[in-house]
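Q: Predicted structure and sequence below. I'll ask about it afterward.
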Amino acid sequence: MAWHTGSFLKTHFDANRDYLQDRHYSAVLYLNDPNDDDPDGDEFDKERTSRNRNGFQGGDLVFSFPRNKSNDDEESSQQQKTTTQSCSPSNVVCFTDVRIRPKAGRLVCFPSTERYLHRVDEVTYGTRYTLTLWFTRNQTAMETLDSLQQRLPWVISNTTSLDDETMWLERILPVSSQHGDGGTMEQPWETPKQAEQLFQETMVRAQLQWDDVTKSGHRHKLNHWMQPPM
Ligand SMILES: O=C(O)CCC(=O)C(=O)O
Ligand SMILES: [Fe+2]
C-alpha cells in the first residue's frame with residue numbers, strides 16, 4: 001500500500017467490524033525508509049536514510065495502551081525515546097503511546113483486538129510503502145487458492161473495462177478503506193508499482209466506489225470480499 005503525503009489513519013483496532021472478527025493477528029511490513037534521521041539508528045541507518053530521497057516524513061505507527069493513572073512506573077531511558085503519556089480531555093482515560101518508526105524491512109506484529117489500539121500519523125512528505133497482512137485462527141476464514149479462484153469471476157464481472165492490474169487494485173481499495181474512521185477514504189491505497197502513475201485516478205475511483213457501496217446496499221458483497229484476506 002502506498003501512503004502518499006497527507007495520508008493517515010485514525011486510532012482503531014483491526015478487528016473493529018462484525019465482518020472482521022476473523023482477524024486475529026495483524027502484521028505490517030515496512031517497505032521503504034523514511035528520509036529523515038532516525039534518532040535510534042546506528043551510523044549505517046543514518047547514512048542510509050539521509051541518502052534516501054525517495055523516502056517520506058511522518059507516518060509513525062503509534063499504539064495507545066490504556067493505563068491506570070495511579071500506575072506511573074518509571075520508564076527506562078530506552079523506552080522514553082518512543083513512549084509518551086496522554087490522557088483524554090476529562091482525564092478519565094490515560095494512554096501510554098508507543099511510537100514505531102517505519103523503516104525498510106521492519107516487521108510489526110500484534111493482535112487485532114481492541115487492546116491494541118493504534119493509528120498512523122500523517123505522512124508529511126513523500127510516500128510510505130507498506131505490506132499489511134492479517135492472520136486468522138479460523139480455518140474456514142483462511143485464504144486458499146480455491147477461495148481466490150472462486151472470487152475471481154465476481155471480481156471480473158464487476159470491473160469489465162479495466163486491465164488486470166487495475167482490476168485487482170479496484171477490489172483492493174475498498175477493502176482497505178473500511179477500518180479507521182468508519183468509511184471515509186483518506187488514503188490512496190495502491191500497489192507500489194502503480195503508485196505514481198495511478199495516484200490521481202485511483203483516489204477518485206476509490207472514493208466513488210466506497211460511496212456507491214455504502215449508499216446502494218452492496219455492503220454484503222463487499223463484506224464477502226473482505227473476509228477472506230484475513
Ligand atoms: O501502516 C501501518 O503502520 C499500520 C496500518 C494499519 O493500522 C492498518 O492497516 O490497519
Ligand atoms: Fe490497523
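A: Nice, I can see it. Ligands and ions are numbered 1, 2, ... in the order given.
Q: among the helices and strands of the protein, which has the poorest mean pLDDT?
A: One helix or strand of the chain scores below all others by mean pLDDT, DSSP states H and E: helix 219-226, with a mean of 30.
Q: which residues does the closest residue to ligand 1 within the chain bridge with?
A: Of all residues in the chain, the one sitting closest to ligand 1 is Leu61 (3.7 Å; Cβ to the nearest ligand atom). C-betas here are computed from N, CA, C, even on glycine. Leu61 forms beta bridges with Ile100, Val120, as assigned by DSSP bridges.
Q: That one against Arg106, yeah?
A: No: look at Leu61 against Arg106 with Cβ atoms under 8 Å: they stay out of range, at 9.6 Å.
Q: Now do the shared contacts for those two.
A: Taking Cβ atoms under 8 Å, 6 or more residues apart in numbering as the criterion, Leu61 and Arg106 both touch Ile100.
Q: how many neighbours does Tyr30 have?
A: 21 (other Cβ atoms under 10 Å).
Q: if you skip the residues just before and after it, what's nearest to it?
A: Of all residues not flanking Tyr30 in the chain, Pro102 sits nearest, at 3.9 Å (Cβ to Cβ, 6 or more residues apart in numbering).
Q: do Phe65 as well
A: Phe65 sits nearest to Thr96 (Cβ to Cβ, 6+ apart), 4.8 Å away.
Q: That neighbour contacts Leu117, correct?
A: No: with contact defined as Cβ under 8 Å, Thr96 does not count as touching Leu117 (10.9 Å).
Q: Show me the common contact partners of the two, please.
A: By Cβ under 8 Å, 6+ apart, the residues touching both Thr96 and Leu117 are 64-65.
Q: Return the residues in contact with Arg67.
A: Arg67 neighbours (Cβ under 8 Å, 6+ apart): 85, 94-96.
Q: Now with 6 Å, please.
A: Arg67 sits next to 94, 96 when contact means Cβ atoms under 6 Å, 6 or more residues apart in numbering.
Q: low-scoring stretches of the protein, by residue?
A: 36-53, 68-82, 88-92, 145-230 (pLDDT under 70).
Q: That one against ligand 1: which residues are in contact?
A: 9, 14, 28, 61, 118, 120, 130, 132, 179 (Cβ under 6 Å from any ligand atom).
Q: Could you grab the helix/strand/coil label for Tyr19?
A: Assigned by DSSP: H, G, I helix; E, B strand; the rest coil, the conformation of Tyr19 is helix.
Q: separation between it and Ala141?
A: 10 Å (Cβ to Cβ, to the nearest Å).
Q: What sits closest to Cys94 if chain neighbours are left out?
A: Cys87 (4.2 Å).
Q: what about that neighbour, how many neighbours?
A: Around Cys87 there are 12 residues (other Cβ under 10 Å).
Q: now the one 10 residues further on
A: Number of residues near Asp97 (other Cβ under 10 Å) recorded here: 17.
Q: Next, the contact list for it, please.
A: Listed by Cβ under 6 Å, 6+ apart, the contact set of Asp97 reads 62, 64, 84, 86.
Q: what's next to the helix or strand harbouring the last one, contact-wise?
A: If I follow you right, that is Ser86. Under the criterion of DSSP states H and E, Ser86 resides in strand 83-87. The contact list for strand 83-87 (Cβ under 6 Å, 6+ apart) reads 94-98.
Q: ok so, going back, so how far is His12 from the residue nearest to Cys94?
A: 19 Å.
Q: Next: Thr144.
A: 28 Å.
Q: cool, and Leu107?
A: For Leu107, the distance to His12 equals 20 Å [Cβ to Cβ].
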